[in-house]
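J.: I need the structure of the sequence given here:
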Amino acid sequence: MRRRTTSAFSMAAAALLLAACGGGTEKKSDEIAGANKGQSSASSSTSPADDHVKRPNMPFPGDYKSVADWKAPTDSQQAAALKDALNFSLAIRHGVIEQDANDPAYLFYAAPLGSAKEYAKDQIQKHIDGGWTLTGTERWSRPEVRVSTDDKRAAVSFCHDQSKLYGKEVKTKKVLRTKESDKDYSVFELVMERAPEENLWRAKSIEVKGEATQCKDVSQQD
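T.: Residues are numbered from 1 along each chain as shown. Okay, the predicted model is just below:
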């Protein structure tokens, strides 16, 4: 997201989970490189038909688009954890666009305890204080998922390309365009916690690692 802080909370828990947890890892980078698969608008991706969880509605304006360049993992728990890790990330965008630091969407997808909720609120509040919203297209790719042996936690990571995503002044509607740089690419790493509801996972912690140039080779242009 343009005009945003790049600070993030510690992911020591994620590192431990990745090193020790059971389950497989879904690496889809080879399948998605140069492909145009699994694309969906942000609003449609948050309303899956394969579960009965009452999820928050996250409508987005026409000048914003989110594209997930991946296929869902075949393992149901991995698929659910990945889906809701992305939903949490999109919920932050929804809060920015709605200019609401207490937006119900991110509160729904954030675990009650943990740093993810505070991270989301901080990101949204900084945009509100700056008078910025979002416009353009962002892309997500190269997901990796590991689920703990007890199926209660998952470590999720994916690439993020915001080279076509821009800040926009709320009052003037001026788009704050910048030239593409390594800062447009990052890796999101989240620890997800399984909720009591079936197929629902919530973000416990998140770290965003900037200047992830390894993500550039799978980015696509509109």
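
J.: C-alpha from now on. contacts and neighbour counts both.
T.: OK.

J.: please pull out the lowest mean pLDDT helix or strand from this structure.
T.: helix 29-32 (a mean of 25; mean pLDDT, DSSP states H and E).

J.: name the residue closest to the centre of this protein, please.
T.: residue 89 (2.9 Å; CA atoms, centre = their mean).

J.: and the pLDDT for it?
T.: Here, the pLDDT recorded for residue 89 equals 98.

J.: my reading is that it lies in a helix. Confirm?
T.: Yes - Residue 89 sits within a helix when classified using DSSP: H, G, I helix; E, B strand; the rest coil.

J.: tell me where the chain has helices.
T.: If DSSP state H is used as the criterion, the helices of the chain fall at 12-20, 29-32, 42-45, 76-98, 104-109, 116-130.

J.: out of these, nearest to residue 163?
T.: helix 76-98 (15.6 Å; CA to CA).

J.: and the angle for the closest one with helix 116-130?
T.: Angle of helix 76-98 versus helix 116-130, following axes from the mean of the first three to the mean of the last three CA atoms, to 10 degrees, is 20 degrees.

J.: packing partners of helix 76-98?
T.: helix 104-109, helix 116-130, strand 132-147, strand 153-169, strand 185-194, strand 201-210 (3 or more CA pairs under 8 Å, 6 or more residues apart in numbering; DSSP states H and E).

J.: picking that back up, what's the least confident stretch among the helices of the chain?
T.: The minimum mean pLDDT among the helices of the chain belongs to helix 29-32 (a mean of 25).

J.: which residue, other than its chain neighbours, is closest to residue 94?
T.: Distances taken as CA to CA, 6 or more residues apart in numbering place residue 58 nearest to residue 94, at 6.5 Å, with adjacent residues excluded.
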